[in-house]
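J.: only geometry, no sequence info:
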């Protein structure tokens, strides 16, 4: 069993620990620019992941370009407290997001939210609750519909087990997340099992974007294993903003991006936030 407290104590890089309303610690990784910045970028990770894997392609290149970059580990993920792969309620999830956004807006003039995969859902939740505090939005590897055959159908018996566990043992991880080509299999901080209530709290079907006046970027890799470019464009068309852009990252997969991805993100941010 992972000793999250010990792993946090051993972590020597820049970071903050934010205490939640139920006295859990949220881990907020920081990538510092050389000089001070008035723009913060908050990276929201995808399912199974945490902030660490975003270091080389997003965290460090964005910080090198002059932005103060942060990566949040959701509760139950990475170096944040909480039962692994679990969130007791949507209310607590909303409270966690509010804690982080309020913390960053006290320090920075502008805040850009960058959500990847399931992090796009987290970003949508943040927008619904704190739209006035968010100045830019980057959505990566997202669409409404997955490619056919990506996920196998759950057998009836397994569905019943999940249902009963959700009622009688809500903190038990009974949903296994797996697909071909997944990364992080050798990293103990990745989660591959989840509780039903976590997936209820972050239900992609409830993702709705309010009308926006801020710059929006939606990007997808042309080799994404989960979503087609056309499916991502359909989600892009749902977003109502006078300043939005769609990018196809050449050679990128769902969770693997070429080194020049960071350069493309930097170019978009500099274009919109000079």
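T.: Alright, I've got the coordinates. Everything numeric here is computed off the predicted structure, so don't read it as measured data.

J.: buried sites along the helix or strand hosting residue 96?
T.: For residue 96, the host element (DSSP states H and E) is helix 90-105. Residues 90, 92-94, 96-101, 103-105 are the ones in helix 90-105 that count as buried (16 or more other Cβ atoms under 10 Å). Just so you know, the C-beta spots here come from the backbone N, C-alpha and C atoms, and that holds for glycine as well.

J.: next: stretch 112-121.
T.: Counting neighbours by 16+ other Cβ under 10 Å, one finds that the buried residues in stretch 112-121 are 112-121.

J.: which one of those residues is nearest to residue 182?
T.: Of all the buried residues of stretch 112-121, residue 117 has the smallest distance to residue 182: 11.6 Å, by Cβ to Cβ.

J.: on that earlier part again, between the buried residues of stretch 112-121, which is nearest residue 54?
T.: residue 116 (7.3 Å).

J.: now for the buried residues of stretch 112-121: which two are most distant?
T.: Farthest pair in the buried residues of stretch 112-121, by Cβ to Cβ: 112 and 118, 18.5 Å.

J.: wait, residue 262 sits on residue 57?
T.: Yes: between residue 262 and residue 57 there is a contact under Cβ atoms under 8 Å: 5.5 Å.

J.: what helices or strands is the next helix or strand after the helix holding residue 96 leaning on?
T.: With elements assigned by DSSP H and E, the helix or strand that comes after helix 90-105 is strand 110-116. Counting by 3 or more Cβ pairs under 8 Å, 6 or more residues apart in numbering; DSSP states H and E, the packing neighbours recorded for strand 110-116 are strand 39-44, helix 90-105, helix 118-130, strand 136-140.

J.: hmm, try it at 10 Å
T.: Packed against strand 110-116 by the contact rule (3 or more Cβ pairs under 10 Å, 6 or more residues apart in numbering; DSSP states H and E) you find strand 39-44, strand 68-73, helix 90-105, helix 118-130, strand 136-140, strand 216-221, helix 261-272.

J.: the first one pairs with which strands, parallel or anti?
T.: So that's strand 39-44. Sheet pairing of strand 39-44 (DSSP bridges) gives strand 68-73 (parallel), strand 110-116 (parallel).

J.: just give me the neighbour total for residue 274.
T.: 5 (other Cβ atoms under 10 Å).

J.: closest to residue 177 among the buried residues of helix 90-105?
T.: The closest of the buried residues of helix 90-105, once distances to residue 177 are taken by Cβ to Cβ, is residue 93, at 17.8 Å.

J.: relative to its centre, which residue of this structure is most distant?
T.: Within the chain, residue 157 marks the point farthest from the mean C-alpha position, 31.0 Å out by Cα atoms, centre = their mean.

J.: contacts for the host helix or strand of it?
T.: Using DSSP H and E, residue 157 maps to helix 156-168. Helix 156-168 is contacted from outside by 153-155, 171-176, 195-197, 199-200, using Cβ atoms under 10 Å, 6 or more residues apart in numbering.

J.: identify, from these, the entry nearest to residue 37.
T.: residue 199 (35.3 Å).

J.: where does the nearest residue to the closest one once chain neighbours are set aside fall, phi/psi-wise?
T.: Excluding the flanking residues, the one nearest residue 199 by Cβ to Cβ, 6 or more residues apart in numbering is residue 175, at 6.5 Å. Main-chain torsions, residue 175, degrees, to the nearest 10: phi -100, psi 120.

J.: residue 7 too?
T.: According to degrees, to the nearest 10, residue 7 has phi -60, psi -40.

J.: could you list the buried residues of stretch 250-270?
T.: Result for stretch 250-270 [16+ other Cβ under 10 Å]: buried residues 252-257, 261-262, 264-266, 268-269.

J.: which SSE is residue 16 in?
T.: strand 15-19.

J.: ok so residue 258 is a helix residue?
T.: No: according to DSSP: H, G, I helix; E, B strand; the rest coil, residue 258 belongs to no helix; its state is coil.

J.: tell me the spacing between it and residue 137.
T.: To residue 137, residue 258 is 22 Å away according to Cβ to Cβ, to the nearest Å.
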